[in-house]
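*Asks:* can't give you the sequence, but here's the structure:
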Ligand SMILES: [Zn+2]
């Protein structure tokens, strides 16, 4: 079922928690309806459709003046408005300009060099990736409100398993900016496993191979009687379907450059056109052995080329080979061999490509499972986790792990790990450190995330100072550092001088994303949009109420024909037609009027039905 | 945020051990220690709770790992903080604390080396190993030779010897384990001599494991260059 129809107010969820798959290419929203009668095992999520009427919402943002436009409308402007249209913003989230050096030249929009979170130039204005992501999330929120007919303020959002803490915090910040209380950030492959495991016959050890638009993740899980235990997770946050498009585009670009003497990648609009054409070639080749590419060049000439699947696969193979190492590492971390697995689940649009399926088969030595819906399964899983957090599904439980090791900097610029990757959360770790200089009165606690030995190769999450240590020879003071990660994955770090009891602690915020003040400032700016949002929500609510009236009336048509006069039936049918017409518009008074008229025209029928119920004592349900 | 009242609340929570903080009923079984069987409220963690008892297991060196996993799932299902996300407050906090403890306990008990170490520490906190850790002398000197002149044949030879030594050490540990568990089964406390012997074996075992990791590292270096 693709869209959700609210049948009556009684079934309406006053404060729903939605699941959001905030994807590189497309985003989706899902929700588990609170049907009271369904046992936990049958709490199925539904995918909600966007205001544009599609379940897949392109993660593309363009601007009409200062107003963001999201979805298909924005995607259509990917070429004509290339420089003002931002796509694949997920690849920029929680990163600095230096992290993205390799990407800057491949995007039609401009990234600005500078310290801290990367900035994106759109026309005269400059945005952060958090703001652009917030625009997408706001659109998702509004779509959910339109579908559910109630305000939506709480969500579970998925991220790639291999997202580091900065990227997760940036996602949270974007949610907050969009007016959503982000109850949980969960990993995409884990979410996929929840939806996969909804069918309880699917038990045992599974691998989820998740190739998205911009990221690759692999997770190994154990599924048993509703328990989903993550055993290991790995991936590459800079590898995805986008890279396949880019490989095609670059091959075409060098041919065009050879023919015309001009590199089409120098022109942002041409770059956007090439990337889009390449994406289409890739998609076409997943079904047919050949695809055509045709691009009109600025000179007026047309560049045409046929792509065979073989040619494409030669380009794609080295990129897909990069998924092998993370898979083997995840298996090793879980202490398993590929033959221990009972299933390999493919997730993400690019896994439709035959070559991707072949690669997965080769890595795991078994035929992968392509039965789950590769686009919808992540959002569906997020909705299941939302249902669990709402306390409605007591049958399922996700036992999650930390994806990357956490530790602190110690002497010699080395990282000392306190919580190794794949540790179950919530978790706590304590370790005692000491000074390495005589009479040192303070220590710097530098919190790190990553798998490498050297501090410089890992990500810096936070720094703080513990002061007031007594003057003593080096090696004498004892400083206990403790790490605490709660079920939401939020890290708290404390340092304590065991001698004095003096303690310092912080909740780790990224030193790279946005500060709280920055988020507050943006929240204020976003209030400008609130009025428009409120108006929209009102329209959605009125429409939903009217739809409920309409459905109820339509159901009663056979009885109306049986019990009412011809004129009365005709009046009802006209009222139904009028309401349907009104629902095509966003005109609130018109819809309310048509809805009232329909109600009035069915009053007599309702009376007769009630009498019928009483006299014949037939147990007929009121709708 | 709500320092005063919450702190007071938490203090009054620690009432009679073995009874529920919320409804006062007596805790039932190993699950009841974590979550009240009657009202479903997670119980505050008390200092010094026994890892084995947390999973309803007796203190033994060898355990049934399948049973351990089933118990871990069974308790998690009721105790996990996600069950109390919609409730919050003390319930959420207590469940987080207890789940952290359970996760850590599961990690320790699941791993044979860590489990032995933990139990040995419980039985004989102060015991010193009966003799210095005894990496077989010839193996240690072979390792030094290998580092001086690392060639593939010598490496293969060393790996075989290490494997044999590890297998022998493992056998000795298993025998000691059986001996210790048999004593624990009868309810008597194992003597200090036996415990010291075990401690020495464990030290030697961890030396061999670290040697194994060093060999892996050396292998990587050899094959890259
Ligand atoms: Zn109770």
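*Replies:* Ah, there it is. A quick note: this is a predicted structure, and the numbers were derived from the prediction, not measured.
*Asks:* let me see the mean pLDDT of stretch B:194-207.
*Replies:* Mean pLDDT, stretch B:194-207: 88.
*Asks:* close to chain B: what parts of chain A are there?
*Replies:* Contact residues (C-beta under 8 Å from any C-beta of the partner chain) of chain A with chain B: A:183-184, A:224-227, A:229, A:388-391, A:394, A:397-399, A:423-428, A:484, A:486-487. C-beta here means a position set from N, CA and C on the backbone, and glycine is covered the same way.
*Asks:* same thing but 10 Å
*Replies:* A:17, A:183-184, A:222, A:224-227, A:229, A:385-386, A:388-401, A:423-429, A:484-488 (C-beta under 10 Å from any C-beta of the partner chain).
*Asks:* just the residues you listed: which are in strands?
*Replies:* When DSSP state E defines the strands, the subset of the residues of chain A next to chain B inside them is A:17, A:183-184, A:222, A:224, A:227, A:229, A:397-399, A:427-429, A:484-485.
*Asks:* farthest-separated two in the residues you listed?
*Replies:* The largest separation in those, counting by C-beta to C-beta, is between A:17 and A:429 at 30.7 Å.
*Asks:* those two: which is more packed in?
*Replies:* Shown here are residue A:17 and residue A:429; by other C-beta atoms under 10 Å in any protein chain shown, residue A:17 has more neighbours (27 against 18).
*Asks:* so what's the residue count around the residue nearest to the more buried one when sequence neighbours are not counted?
*Replies:* Leaving aside its sequence neighbours, residue A:17 sits nearest to residue A:386 (C-beta to C-beta, 6 or more residues apart in numbering or on different chains; 3.9 Å). By the criterion of other C-beta under 10 Å, residue A:386 has 28 neighbours.
*Asks:* contacts only, for residue A:386.
*Replies:* A:16-20, A:30-32, A:45, A:154-157, A:183-184, A:186, A:392-393, B:85 (C-beta atoms under 10 Å, 6 or more residues apart in numbering or on different chains).
*Asks:* quick check: it vs residue A:146, distance?
*Replies:* 18 Å (C-beta to C-beta, to the nearest Å).
*Asks:* now stretch A:304-313, how far from the chain's geometric center?
*Replies:* With C-alpha atoms, centre = their mean, to the nearest Å as the basis, stretch A:304-313 stands 32 Å off its chain's centre.
*Asks:* now that stretch: buried residues?
*Replies:* For stretch A:304-313, a neighbour-count test (16 or more other C-beta atoms under 10 Å in any protein chain shown) marks A:305, A:307, A:309, A:311, A:312 as buried.
*Asks:* now do the end-to-end distance for it.
*Replies:* From its first residue to its last, stretch A:304-313 covers 19 Å (C-alpha to C-alpha, to the nearest Å).
*Asks:* need the contact partners of it.
*Replies:* A:244, A:247-248, A:251-252, A:255-256, A:277-278, A:281-282, A:284-286, A:288-296, A:314-316, A:320, A:353-355, A:358.
*Asks:* go again with 6 Å.
*Replies:* A:281, A:285, A:289, A:290, A:291, A:292, A:293, A:294, A:355 (C-beta atoms under 6 Å, 6 or more residues apart in numbering or on different chains).
*Asks:* what's the mean pLDDT across that stretch?
*Replies:* Per-residue scores along stretch A:304-313 average to 93.
*Asks:* likewise stretch A:402-411?
*Replies:* So the average pLDDT for stretch A:402-411 ends up being 89.
*Asks:* ok so, going back, and of the contacts of stretch A:304-313, the nearest to residue A:167?
*Replies:* So of the contacts of stretch A:304-313, ranked by how close each gets to residue A:167 (C-beta to C-beta), first place is residue A:355, at 27.9 Å.
*Asks:* now the residue nearest the centre of chain B. Nearest residue, chain neighbours left out?
*Replies:* Geometric centre of chain B, nearest residue: residue B:108, 2.3 Å, by C-alpha atoms, centre = their mean. With C-beta to C-beta, 6+ apart as the criterion, residue B:108 has its nearest non-adjacent residue at 4.6 Å, and that residue is residue B:114.
*Asks:* tell me if that neighbour really is in a strand.
*Replies:* No: judged by DSSP: H, G, I helix; E, B strand; the rest coil, residue B:114 forms no part of a strand; its state is helix.
*Asks:* following the helix or strand of chain B with the lowest mean pLDDT, which helix or strand shows up next?
*Replies:* Between all helices and strands in chain B, the lowest mean by mean pLDDT, DSSP states H and E belongs to helix B:3-13, at a mean of 41. Sequence order places helix B:29-32 as the next helix or strand after helix B:3-13, per DSSP states H and E.
*Asks:* residues contacting the helix or strand following that next one, please?
*Replies:* Per DSSP H and E, the first helix or strand lying C-terminal to helix B:29-32 is helix B:51-54. Identification of contacts with helix B:51-54 by C-beta under 6 Å, 6+ apart yields B:59, B:105.
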